[in-house]
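>>> predicted structure and sequence below. I'll ask about it afterward.
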Amino acid sequence: MIVKTYGSAILGVNAITITIEVNVSSKGNKLFIVGLPDNAVKESERRIESTIQCMGLRMPRTRTVVNMAPAAIRKAGAAYDLPIAAGIIAASGQASPIHLEHYLMMGELSLDGTIQPIKGALPMAMQALKDGFRGFILPRQNALEAAMVNSLKVYGISHISEAINFLNDPDSLTPVTAARDEFYSTQDNWGIDFSEVKGQQHIKRALEIAAAGGHNAILIGPPGAGKTMLAKRLPTILPPLTLQEALETTKIHSVAGKLPEHTSLITHRPFRSPHHTISDAALVGGGSIPQPGEISLAHHGVLFLDELPEFKRKVLEVMRQPVEERRVTISRARTAIDFPASFMLLASMNPCPCGYFNHPEKECSCAPGQVQEYLNKVSGPLLDRIDLHVEVTPVKFADLSSTGAAEKSTYIRDRVIAARAIQARRFAGHDGVYCNAQMHSRLLATVCVISDKCREQLGQAMQKLKLSARAYDRILKVSRTIADLEGSHSVEPAHMAEAIQFRSLDRENWGN
């Protein structure tokens, strides 16, 4: 008897439906699993046999063939245990096969039949709805995540017996309901706030500009000046995630297995801060079966690289293309997979190995040439792709001891949201462009039309600072963002001057 069940395979951040055909014949005595399974899938025979015996059912002792189609796609992981086991039980006449064609199943089995959680539940649920399935049966731990997909019945189970009972009686399980109201109610729940940062008004202003236009930024200053503290609070002034952005971000975290337990949807913009010992594959993604890296986990959020010169140069250089294109392509012999990587890059670094170069009070102890050698660890091409170069100075005692209340993140975010709304109207007819930082050269020429005075300002800066053509575009984009924060229709000389001063730490001027 041939029975079909349905599972799902993850390819990048999307899912592909897998048809699992089970044929229990009257001859032979062995189980064959074909269709390009990996070792984890092949090992499912032992788990399934133990599970069936624990349920008081019989494992077929005749020839059983399990075919997983399409055969050209590699099937990886133990999450296929549940659909294979259900297919074997139904094909051997121990459960009804009538309802199998209407439901997608995924779940890893323990030896006693307990269902273990899986990765990628959200993209699987999306594909199940697209392919016309009535519902999705999966581990209870992943049910809330999958239930975020409307019009698809999601059934969370903790033991395979619940799935078998469901096949015989579809009313034995109740669909899980997603609480979407929680998504909107928790968006403002931050444990940190900009009001906790004493002083550093010029740094807060720089981060407000970066948030308003989606610009990359680097903070350069001595240890203890508050670089990391400020960086961690950047997400609190970014616009709240839209539901579509939340779904995209959750898909990536789900595929990578990074979604927090009992979480149905990511409600805050991601803030990823990898250690400087990270490898290039862990940062941009990779592996024999390509997985998203830190830059994809930071999609729609912030990637913070603390102590930037301490990262391996090879690791930093592989970021150059993703920073520009906002996606990364991982190529393998059989396939090439695109992972989204639209993130804000925020970096911090000391100005020298000892950390006190150009410090107003402490003297730098570095040897001659050591400062420039340290700064040379960050390549010019990568630095060129960072819009705002911000010098962080030590916090004054008067600011630290002040009891006055600083401006809260909520007020800063309101200004950022207003500036983003202007940009949303401006780029309404341009696909893939949502903020000023994403403008391409052709669009930049029409949006950032500047006056003769602004052009003269910019020309002098280009000559004096020896800026590149890419830096020229960055200055125009930042000046347009500053104008948006002011509610100005045109870029004024004051906006241009402020944008130019954020390039004052370009390589030719470091150390002077």
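On my side now, so go ahead. Numbering: from 1, shown residues only.
>>> what about this protein, any weak spots by pLDDT?
For the chain, the stretches with pLDDT under 70 are 179-185, 504-512.
>>> so who does the residue nearest to Ile500 when sequence neighbours are not counted touch?
If you skip the residues right next to it in sequence, Ile500 has Ala461 as its closest partner in space, 4.6 Å away by C-beta to C-beta, 6 or more residues apart in numbering. Placement of C-beta: from N, CA and C, glycine included. Ala461 is in contact with Leu467, Ile475, Ile500, Arg503, counting by C-beta atoms under 8 Å, 6 or more residues apart in numbering.
>>> from Met105, how far out is the residue nearest the centre of the chain?
With distances taken as C-alpha atoms, centre = their mean, Leu297 lies nearest the centre of the chain, 2.5 Å away. For Leu297, the distance to Met105 (C-beta to C-beta, to the nearest Å) stands at 28 Å.
>>> how about the contacts of Ala461, which pair is most distant?
Taking C-beta to C-beta, the two most distant members of these are Leu467 and Ile500; they sit 9.1 Å apart.
>>> any common contacting residues for these two?
The contact sets of Leu467 and Ile500 overlap at Ala461, Ile475 (C-beta under 8 Å, 6+ apart).
>>> which one of the two has more residues nearby?
More crowded of Leu467 and Ile500, by other C-beta atoms under 10 Å: Ile500, with 22 against 19.
>>> just the strands in the stretch 251-400 of the chain please.
Ranges of strands in the stretch 251-400 of the chain, per DSSP state E, counting those that start in this stretch, are 271-272, 285-286, 291-292, 302-305, 327-331, 336-340, 344-349, 388-391.
>>> give me the residues contacting the first one.
I take that to be strand 271-272. Under the contact criterion C-beta under 8 Å, 6+ apart, strand 271-272 has outside partners Lys232, Leu234, Pro235, Glu294, Leu297, Ala298, Gly301, Val302, Leu303, Phe304, Phe343.
>>> from the chain's centroid, how far away is it?
The chain centre lies 9 Å from the centre of strand 271-272; the measure is C-alpha atoms, centre = their mean, to the nearest Å.
>>> can you list the strands that that strand pairs with?
Strand 271-272 pairs in its sheet with strand 302-305 (parallel), by DSSP bridges.
>>> and the contacts of the strand it pairs with?
Contacts to strand 302-305, defined as C-beta under 8 Å, 6+ apart, come from residues 231-232, 234-235, 238, 269-274, 276, 294-295, 311, 343-348.
>>> how far is it from where the chain is centred?
Put simply, strand 302-305 sits 11 Å off its chain's centre (C-alpha atoms, centre = their mean).
>>> then it to CSV, C-alphas only?
C-alpha atoms of strand 302-305 as CSV (Å, rounded to 0.1, in the frame of the first residue of the first chain):
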residue,chain,number,x,y,z
VAL,A,302,21.4,47.0,13.8
LEU,A,303,24.7,45.1,13.5
PHE,A,304,27.1,46.4,16.1
LEU,A,305,30.8,45.7,15.7
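>>> flag every buried residue along that strand.
Neighbour counts over strand 302-305 (16 or more other C-beta atoms under 10 Å) mark Val302, Leu303, Phe304, Leu305 as buried.
>>> please tell me how far the second one sits from Ile209.
The spacing between Leu303 and Ile209, counted by C-beta to C-beta, is 18 Å.
>>> that older thread, which PyMOL command selects the buried ones in the contacts of strand 302-305?
Entered in PyMOL, the line below selects the buried ones among those, by 16+ other C-beta under 10 Å:
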select buried, resi 231+232+234+235+238+269+270+271+272+274+294+295+311+343+344+345+346+347+348
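>>> need the contact list for the closest residue to Asn216 other than its chain neighbours.
Ranked by C-beta to C-beta, 6+ apart and with sequence neighbours excluded, the top spatial neighbour of Asn216 is Leu345, at 4.1 Å. Residues near Leu345 by C-beta under 8 Å, 6+ apart: Asn216, Ala217, Leu303, Leu305, Met319, Val323, Arg385, Ile386.
>>> the same query, at a cut-off of 10 Å, please.
Shown here is Leu345, whose contacts under the criterion C-beta atoms under 10 Å, 6 or more residues apart in numbering are 210, 215-218, 295, 298, 302-305, 308, 319, 322-323, 382, 385-387.
>>> mark which of those residues are part of helices, please.
The helices, defined by DSSP state H, take in Ala210, Ile295, Pro322, Val323, Leu382 from the contacts of Leu345.
>>> about what we covered before: just the contacts of Ala461: which are in strands?
Taking DSSP state E, every one of the contacts of Ala461 sits outside strands.
>>> coming back round to it: look up how far Met229 lies from the closest residue to the residue nearest to the centre of the chain other than its chain neighbours.
Counting by C-beta to C-beta, 6+ apart, Leu297 lies nearest to Arg272, which is 5.3 Å off, once chain neighbours are set aside. When C-beta to C-beta is the yardstick, Arg272 and Met229 sit 17 Å from each other.
>>> what of Ile137?
As for Ile137, its distance to Met229 is 46 Å (criterion: C-beta to C-beta).
>>> more neighbours: these two, which one.
Neighbour totals were compared for Ile137 and Met229, and Ile137 leads with 27 against 16 (other C-beta under 10 Å).
>>> for that one, helix, strand, or coil?
On the three-state scheme (DSSP: H, G, I helix; E, B strand; the rest coil), Ile137 is labelled strand.
>>> give me every residue that touches it.
By C-beta under 10 Å, 6+ apart, the contact list for Ile137 reads 82-83, 86, 103-107, 115, 143, 146, 153-157, 160, 162-163, 166-167, 173.
>>> and the residue nearest to Asn216, how far is that from Leu382?
According to C-beta to C-beta, Leu345 and Leu382 sit 9 Å apart.
>>> any common contacting residues for those two?
Asn216, Ile218, Leu308, Met319, Val323.
>>> can you give me how far stretch 72-90 is from the chain middle?
The chain centre lies 28 Å from the centre of stretch 72-90; the measure is C-alpha atoms, centre = their mean.
>>> ends of it, how far apart?
Terminal residues of stretch 72-90 lie 26 Å apart, using C-alpha to C-alpha, to the nearest Å.
>>> report the buried residues of it.
Buried residues in stretch 72-90, counted by 16+ other C-beta under 10 Å: 73-90.
>>> cool, and stretch 460-473?
By neighbour count with 16+ other C-beta under 10 Å, stretch 460-473 contains the buried residues Ala461, Met462, Leu465, Leu467, Ser468, Ala471, Tyr472, Asp473.
>>> tabulate those residues (a markdown table), appending distance to His489 and secondary structure.
Converted to a markdown table, the buried residues of stretch 460-473 look like this (distance: C-beta to C-beta, whole Å; DSSP: H, G, I helix; E, B strand; the rest coil):
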| residue | distance to His489 | secondary structure |
| --- | --- | --- |
| Ala461 | 23 | helix |
| Met462 | 25 | helix |
| Leu465 | 28 | helix |
| Leu467 | 26 | coil |
| Ser468 | 29 | coil |
| Ala471 | 25 | helix |
| Tyr472 | 22 | helix |
| Asp473 | 21 | helix |
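>>> I am finished for the moment; much appreciated.
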